[in-house]
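Undergrad: only geometry, no sequence info:
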């Protein structure tokens, strides 16, 4: 069946040092390369989100300039 276009779901395991491996499908989908900076957002009630920092900054800039961030 596969993943819907532009979407990806998987489980990851946390290693002894607290590290996770981002699945290749996700790295490909978001063009994540070694050395990229990712932003981790955490909320005790809502969970954890990880995004490329440039994506979030683009959305913030769009909001601040009155554009649609999507």
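TA: Now that the structure is in, tell me what you want to look at. Source: prediction; values computed, not measured. Numbering: from 1, shown residues only.
Undergrad: so for residue 45, what's the pLDDT?
TA: As predicted, residue 45 sits at a pLDDT of 93.
Undergrad: gap between it and residue 14?
TA: Taken as C-beta to C-beta, to the nearest Å, the spacing of residue 45 relative to residue 14 amounts to 20 Å. Every C-beta, even on glycine, is put in place using the N, C-alpha and C of the backbone.
Undergrad: which SS state does the most centrally placed residue in the chain fall under?
TA: Here the mean C-alpha position of the chain is nearest to the C-alpha of residue 51 (C-alpha atoms, centre = their mean), at a distance of 2.9 Å. Classification of residue 51 into helix, strand or coil gives strand, according to DSSP: H, G, I helix; E, B strand; the rest coil.
Undergrad: what's the distance between it and residue 22?
TA: For residue 51, the distance to residue 22 (C-beta to C-beta) stands at 12 Å.
Undergrad: do the same with residue 49
TA: Computed with C-beta to C-beta, the distance linking residue 49 and residue 22 is 13 Å.
Undergrad: before we move on, back to that, okay, residue 45 and residue 14: which has more neighbours?
TA: Taking other C-beta atoms under 10 Å, residue 45 and residue 14 do not tie; residue 14 has more neighbours (9 against 4).
Undergrad: appreciated, that's everything.
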